[in-house]
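Novice: okay, here's the prediction I keep looking at, along with the sequence it came from:
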Amino acid sequence: MLEVSGLDAYYGDARALSEVSLTVHDGETVAVIGPNGAGKSTLVNAIAGLHPHRSGRIAVGGTDITGVPAHRVCEHGVAVVPEGRRVFATMSVYDNLCLGAYRRTARAGHKQRLDRVFDVFPRLRQRVTQPAGTLSGGEQQMLAIGRALMAGPTLLLLDEPSLGLAPVLTDEVFEALGAVGAQGVSVLLVEQDIDRALDLATRTYLLAEGRVAGEGPSADLRGSD
Ligand code: ADP
Ligand code: ADP
């Protein structure tokens, strides 16, 4: 589904990613863990076309998307949930969700997709007419994920979904992500909360100082810490 090979990315002269290679197979949930500054956000942004990379190759579903700009990456079935919860505070939950279905192909299956989002996030159904700004931080994260799902992605990229959330809501968000994976969506999750990442993902990469420092089944990594 996703194949990243030999990716290098820089901020000016400072190298943020060095020769990063990783794969996400069809329907697989993969985590990238690592300390602050390891390059996790840069990696997500590079795959999403939001950060330029100097060398390397990115392919989705067998199609080379290296250098494809962010507004075209979605045409290849990639949806991104960026760090922080960027929902439109004065718009309703419903209108925020509809924004995710901006592509013509996504509009076709609109109703079913909305139902699936509500199945995964029952809280959003209860709050459908409320302004998004009145939701709690955790609920806004659910909304941001739901909005990404409305585009009908085959690959979902998530940058630190647990950031700043109360533990109870983090549990709910991760449970929902498990359900998303079970619906057949491939997931690449960048996360600082190691335990939660290892619990969710079947396979995990460890990123340190911009390099892949390890990779393996999550169960093995859990055993070794
Ligand atoms: P993580 O998401 O793992 O915390 P980042 O991808 O945000 O790591 O950062 C990787 C490296 O790039 C760090 O050394 C960080 O300081 C640097 N970096 C991130 N964003 C910028 C930026 N906008 N300008 C300059 N350096 C940056
Ligand atoms: P919850 O109700 O889900 O526990 P809160 O809204 O109380 O979440 O916020 C939890 C933490 O996240 C707080 O420290 C808050 O400052 C921070 N936070 C809230 N909204 C955002 C946001 N949009 N982006 C980043 N951090 C946020």
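Specialist: In hand now; what should we look at? Small disclaimer: the values here were computed from a predicted structure and weren't measured. Ligands and ions are numbered 1, 2, ... in the order given.

Novice: near ligand 1, which residues of the chain show up?
Specialist: With Cβ under 6 Å from any ligand atom as the criterion, the chain meets ligand 1 at residues 11, 14, 16, 34, 36-42. The way it works is simple: take the backbone N, C-alpha and C, and place the C-beta from them, glycine included.

Novice: other residues contacting the helix or strand harbouring residue 187?
Specialist: Using DSSP states H and E, residue 187 maps to strand 186-191. For strand 186-191, the surrounding residues in contact (Cβ atoms under 8 Å, 6 or more residues apart in numbering) are 1-2, 24-33, 40-41, 43-44, 47, 154-162, 177, 180-181, 197, 200-201.

Novice: hmm, which of the residues you listed are the buried ones?
Specialist: Taking 16 or more other Cβ atoms under 10 Å as the criterion, what is buried in the contacts of strand 186-191 is 1-2, 24, 28-33, 40-41, 43-44, 47, 154-162, 177, 180-181, 197, 200-201.

Novice: out of those residues, which sit inside strands?
Specialist: 2, 24, 29-33, 155-159 (DSSP state E).

Novice: what is the most widely separated pair among these?
Specialist: 33 and 155 (18.8 Å; Cβ to Cβ).

Novice: excluding chain neighbours, what is closest to residue 55?
Specialist: residue 8 (4.8 Å; Cβ to Cβ, 6 or more residues apart in numbering).

Novice: and the helices in the protein, which stretches?
Specialist: For the chain, the helices defined by DSSP state H cover 40-47, 70-73, 93-100, 104-108, 110-120, 122-126, 137-149, 167-182, 194-200, 218-224.

Novice: buried sites along the fifth one?
Specialist: Counting neighbours by 16+ other Cβ under 10 Å, one finds that the buried residues in helix 110-120 are 113-114, 116-118, 120.

Novice: now render those residues as CSV, adding pLDDT and distance to residue 87.
Specialist: Formatted as CSV, the buried residues of helix 110-120 follow (pLDDT from 0 to 100; distance: Cβ to Cβ, whole Å):
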residue, pLDDT, distance to residue 87
113, 89, 18
114, 92, 16
116, 92, 19
117, 94, 14
118, 95, 16
120, 94, 16
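
Novice: what is the nearest of the residues you listed to ligand 2?
Specialist: Comparing these against ligand 2 with Cβ to the nearest ligand atom places residue 120 closest, at 17.1 Å.

Novice: just for the protein, where's the confidence low?
Specialist: Low-confidence segments of the chain (pLDDT under 70): 103-108, 223-225.

Novice: ok, residue 42 touching residue 18?
Specialist: No - using Cβ atoms under 8 Å, residue 42 makes no contact with residue 18, being 11.0 Å away.

Novice: out of these two, which sits in the busier spot?
Specialist: Higher neighbour count among residue 42 and residue 18: residue 42, with 23 against 16, using other Cβ atoms under 10 Å.

Novice: could you measure the nearest residue to that one once chain neighbours are set aside against ligand 2, distance?
Specialist: Closest residue in space to residue 42, ignoring its immediate chain neighbours: residue 16 at 4.4 Å, by Cβ to Cβ, 6+ apart. Separation of residue 16 from ligand 2 (Cβ to the nearest ligand atom, to the nearest Å): 22 Å.
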